[in-house]
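> Quick one, structure for this:
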Amino acid sequence: MFATAALLLSMGCTSGVVQAPYGSSVITPDNIQLSWTDAYNDYDLAGAVQLFDVMVIDDENQPMENVEIDISTSYGGVYIVPQESIELVGYPSVPKDVQSYEDLERYCTVDEDGDGVGDGNIYTLNYDWCAWYWDTVNDTYYSFAGTYADNYTNTDSGGLYWYAPTYVSATTDNRGTYRGYLLVDTLQDQGEGTYADVVITASIGVDVGTFSLQVIN
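Got it, this is the predicted structure:
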């Protein structure tokens with residue numbers, strides 16, 4: 001399944017990276033709102049994908065490129081993935097009998113009991129399309145780039161874990177922006193159909209900005 005611990009993911013060009021000078025500011029997006037139910041709330045590769053931008057500006061409100069920026073989420077079920085790792089794709093060319101998430105589990109998880117079908121516990125890249133992500137909220141599919149999809153980790157105990165960073169250290173691009181995706185896999189259930197907000201924090205040292213992921217049911 002997914003690894004829930006915060007993992008370091010360094011991205012962007014490291015040449016010429018600068019620390020934000022005094023007077024710089026972080027500009028974060030408005031809070032992100034989405035619908036959510038218990039049916040999505042498992043560590044199981046099914047959930048939602050949300051694009052976000054964070055910008056760094058100087059004391060004259062001009063975008064600053066190559067500035068180091070640290071971004072983190074406050075909950076282990078919401079991951080940060082770089083923009084270059086995800087591509088929107090059409091409905092996957094999967095076998096005709098794959099019509100539901102349960103069908104995907106049969107093909108893309110380990111057959112632990114030897115009955116010829118996956119048991120839904122340990123994910124494995126049996127087929128290329130097993131690395132595609134199903135956004136069950138928006139009913140869209142995303143393809144992970146190979147360098148990201150290959151980041152399955154075998155543990156000493158035989159488990160298989162998906163690379164799921166809740167913290168990234170990155171740099172802004174030539175527009176003074178860091179663009180990434182939030183992969184919403186699971187949220188903190190507060191009972192009666194409510195879920196705790198997830199706070200996304202962006203820090204440049206001299207300034208900190210936040211925005212939230214909120215459930216509106």
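> Buried residues, stretch 73-89. List them.
Across stretch 73-89, burial judged by 16 or more other CB atoms under 10 Å covers T73, S74, Y75, G76, G77, V78, Y79, I80, V81, P82, S85, I86. For the C-beta atoms, the positions are set from N, CA and C on the backbone; glycine is no exception.
> Could you provide the residues you listed in CSV, with additional columns for secondary structure?
Below are these laid out as CSV (DSSP: H, G, I helix; E, B strand; the rest coil):
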residue, secondary structure
T73, strand
S74, coil
Y75, coil
G76, coil
G77, coil
V78, strand
Y79, strand
I80, strand
V81, strand
P82, strand
S85, helix
I86, strand
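> Quick check: end-to-end length of stretch 65-79?
24 Å (CA to CA, to the nearest Å).
> And it, how far out from the chain middle?
How far stretch 65-79 lies from its chain's middle: 10 Å, per CA atoms, centre = their mean, to the nearest Å.
> Show the low-confidence segments of this structure, by residue range.
Within the chain, the stretches with pLDDT under 70 are 1-15, 44-46, 87-94, 101, 123, 125, 128, 131-139, 142-163.
> go with 90
Residues of the chain that meet the criterion pLDDT under 90 lie in 1-17, 37-50, 76-77, 79-166, 168, 181, 183, 185, 192-193, 217.
> Okay, helices next: where are they in it?
For the chain, the helices defined by DSSP state H occupy 101-108, 146-149.
> Looking at this protein, which strand is longest?
Counting by DSSP state E, the longest strand found in the chain is strand 46-57.
> Pull out the buried positions in stretch 206-217.
Buried residues in stretch 206-217, counting neighbours by 16+ other CB under 10 Å, are found at D207, G209, F211, L213, V215.
> Report the central residue of the protein.
L183 (3.0 Å; CA atoms, centre = their mean).
> Am I right that that one is in contact with L51?
No - applying CB atoms under 8 Å as the test, L183 and L51 come out as separate, 11.0 Å apart.
> thinking again about what came up before, and of the buried residues of stretch 206-217, the nearest to Y141?
L213 (21.1 Å; CB to CB).
> Setting aside sequence neighbours, what's the nearest residue to the closest one?
Leaving aside its sequence neighbours, L213 sits nearest to V198 (CB to CB, 6 or more residues apart in numbering; 4.2 Å).
> Test my guess that the one you found contacts Y75.
Yes - with contacts counted by CB under 8 Å, V198 reaches Y75, the gap being 4.6 Å.
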